[in-house]
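Q: no sequence on this one, just coordinates:
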Ligand SMILES: [Zn+2]
């Protein structure tokens, strides 16, 4: 039988672990790309992220960015 104190510690540990795994996922996502366009903040469609996991822009902003890079 767990005491109230033990339960609180267990609960805190679970929350810590959940927090850590959430941070790890966020970090991994940041390394392979982002879910939001870095230019306009729009959500990058999951289909696009599947094709380009490292995409950091939505398709529209990517086209603009590539055109600008090309024109430089
Ligand atoms: Zn965009």
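A: All right, it came through fine. In this text the structure is predicted, and so the values were computed from the model without any measurement.

Q: what about whichever strand or helix holds residue 64 and the ion, any contact?
A: In this assignment (DSSP states H and E), residue 64 forms part of helix 59-71. Yes. Helix 59-71 reaches the ion (C-beta under 5 Å from the ion) through residue 61. Glycine gets a C-beta too; all of them are placed from N, C-alpha and C.

Q: just use 705 as the starting number from now, easier for me
A: In the new count, where the first residue is 705, that last one comes out as helix 763-775.

Q: Enumerate the positions of that helix that are buried.
A: Counting neighbours by 16 or more other C-beta atoms under 10 Å, one finds that the buried residues in helix 763-775 are 765, 766.

Q: Quick one: list the elements packing against it.
A: On a contact count with 3 or more C-beta pairs under 8 Å, 6 or more residues apart in numbering; DSSP states H and E, helix 763-775 meets no helix or strand.

Q: Which residues does that helix contact?
A: Contacts to helix 763-775, defined as C-beta atoms under 8 Å, 6 or more residues apart in numbering, come from residues 741, 742, 743, 744, 746, 749, 752, 759, 761.

Q: repeat that for 10 Å
A: In this structure, residues lying in contact with helix 763-775 by C-beta atoms under 10 Å, 6 or more residues apart in numbering are 741-746, 748-749, 752, 756, 759-762.

Q: what does this structure put close to the ion?
A: 741, 743, 744, 746, 762, 765.

Q: And those residues, which of them are buried?
A: For the residues of the chain next to the ion, buried by 16+ other C-beta under 10 Å: 741, 762, 765.

Q: May I have the residues that are in contact with the closest residue to the second one other than its chain neighbours?
A: Translated: residue 762. Spatial nearest neighbour of residue 762, chain neighbours left out: residue 741 (4.1 Å); criterion: C-beta to C-beta, 6 or more residues apart in numbering. Counting by C-beta under 10 Å, 6+ apart, residue 741 touches 747, 748, 759, 760, 761, 762, 763, 764, 765, 766.

Q: just residue 740 next, same as before
A: 746, 747, 748, 760, 761, 762.

Q: The second one reaches residue 739, doesn't it?
A: The one in question is residue 747. Yes. Residue 747 is within contact range of residue 739, at 6.2 Å (criterion: C-beta atoms under 10 Å).
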